[in-house]
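> heads up, no residue letters with this:
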């Protein structure tokens, strides 16, 4: 009877000092031929912040079928993940494109191993139920809370500009933990909370009675059209020593994204609930349409090779709205696994 490898597990938040050897043989317990797996240490953010497809793919066995045993360490931000990759505590670190460019600008010798996701087509500008802000012009001069990665400022600014609001009039407030937006907005520490998370946004709408000022559907704006906005980074030295491992990781990730994208809304909702405790099916019963919006309409998995022209267009958007460096030779920072 065929052996089914055990599901991978991941570490909870808390950074641990890890050995620098990142490609260690590990045996699958009970395997008839004791097939060796390569242990690959990963630094990433929590499942409530990054796309849920990744941990779902680990559970489904895509990475083990490529001979990889992933060991995950959860850190707070993309820059933290890049630092882990640079100091040798992890082989790969998950971070947005702009965080990677900033790290390169600061002297880190890193490159993109694999893209992971583009922009979703739902962006939320949430206010309290009693807020006087009801349309785009009411956002002028507002205090808007948003996540630390500069991609969020770029996305929020692009949406505001498209709705006739000058982003320069906004007082952006950085909140490191994006899961706290609901409490921060409810307590009056911000006038508006901006979130790209459909799952969290609908949860806050239900929990606190928030409402969206602008239409969350931004599909017509083509934000970051054809470009990834986040992915997996490694040092040039690590990639040179572990290119074959990187190729297997990239292949498993693409298979994961394609598989997850084809799941039914109900199947995706099960993974969301397992990783975030948010029950989309229950939310959909209260607000019909939530399930579709949170699982299908907004899914932004990026399983194709990176196209340099589209990536540079996204970088220029970041430069315009969030001072992201656009004078880096990006082509030299895309490893072959990201472009083929």
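Sure, I can see it. Bear in mind the structure is a predicted one, so any value in this text is a computation, not a measurement.
> Let's check: the centremost residue of this protein is which one?
Nearest to the geometric centre of the chain sits residue 50, at 3.7 Å (CA atoms, centre = their mean).
> Checking my notes, it in a strand, right?
No. Using DSSP: H, G, I helix; E, B strand; the rest coil, the secondary structure at residue 50 is coil, not a strand.
> That one is in contact with residue 96, isn't it?
No. Using CB atoms under 8 Å, residue 50 is not in contact with residue 96; the gap is 10.0 Å. In short, each C-beta sits where N, CA and C put it, glycine included.
> Identify the contacts common to the two.
Among the neighbours of residue 50, those also in contact with residue 96 (CB atoms under 8 Å, 6 or more residues apart in numbering) are residue 230.
> Now residue 166. Nearest residue, chain neighbours left out?
Excluding the flanking residues, the one nearest residue 166 by CB to CB, 6 or more residues apart in numbering is residue 140, at 7.0 Å.
> number of nearby residues for the one you found?
Here the number of neighbours of residue 140 (other CB atoms under 10 Å) works out to 13.
> ok, it - contacts?
Listed by CB under 8 Å, 6+ apart, the contact partners of residue 140 are 165-166, 169-170.
> Do a quick rundown of the helices in the chain.
Counting by DSSP state H, one finds helices in the chain at the ranges 53-60, 62-65, 78-87, 97-105, 150-162, 181-186, 198-208, 236-241, 243-261, 265-276, 280-286, 290-292, 308-322, 336-339.
> For residue 46, find the nearest of those.
When these are compared by CB to CB, helix 265-276 sits nearest residue 46, at 8.1 Å.
> From residue 194, how far off is the residue nearest to residue 166?
For residue 140, the distance to residue 194 equals 15 Å [CB to CB, to the nearest Å].
> circling back to that earlier point, give the contact list for the residue nearest to the centre of the chain.
When contacts are taken as CB under 8 Å, 6+ apart, residue 50 is in contact with 44, 94, 116, 230.
> Go ahead and confirm residue 127 touches residue 210.
Yes. Using CB under 8 Å, residue 127 makes contact with residue 210 at a distance of 6.5 Å.
> Tell me which of the helices of the chain sits nearest to residue 215.
In this view, the helices of the chain are compared for proximity to residue 215 by CB to CB, and helix 150-162 is the closest at 9.8 Å.
> one step back: now the helices of the chain in CSV, with mean pLDDT?
Compiled in CSV, the helices of the chain are given as follows (pLDDT from 0 to 100):
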stretch, mean pLDDT
helix 53-60, 97
helix 62-65, 98
helix 78-87, 96
helix 97-105, 96
helix 150-162, 95
helix 181-186, 96
helix 198-208, 93
helix 236-241, 98
helix 243-261, 98
helix 265-276, 96
helix 280-286, 93
helix 290-292, 93
helix 308-322, 96
helix 336-339, 98
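> so which of these comes closest to residue 330?
Within the helices of the chain, the stretch nearest residue 330 is helix 308-322; the backing value is 6.2 Å (CB to CB).
> The closest residue to residue 284 other than its chain neighbours - how many residues pack around it?
When the adjacent residues along the chain are set aside, residue 284 lies closest to residue 291, with 3.8 Å between them (CB to CB, 6+ apart). Other residues within reach of residue 291, judged by other CB under 10 Å, total 23.
> can I assume residue 291 is in contact with residue 265?
Yes. Residue 291 sits in contact with residue 265 when judged by CB under 8 Å, with a separation of 4.9 Å.
> any shared contact partners between these two?
Counting by CB under 8 Å, 6+ apart, the residues touching both residue 291 and residue 265 are residue 280.
> on that earlier part again, which one of the contacts of residue 50 sits in the busiest neighbourhood?
Neighbour count (other CB under 10 Å) singles out residue 94 as the most crowded of the contacts of residue 50, with 29 neighbours.
> For it, give me its contacts.
Contacts of residue 94 by CB under 8 Å, 6+ apart are 42-45, 50, 54, 78, 81, 116, 230-233.
> I'd like those residues as CSV, with distance to residue 146 appended.
Rendered in CSV, the data for those read as follows (distance: CB to CB, whole Å):
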residue, distance to residue 146
42, 26
43, 23
44, 20
45, 16
50, 16
54, 23
78, 14
81, 19
116, 20
230, 16
231, 21
232, 23
233, 22
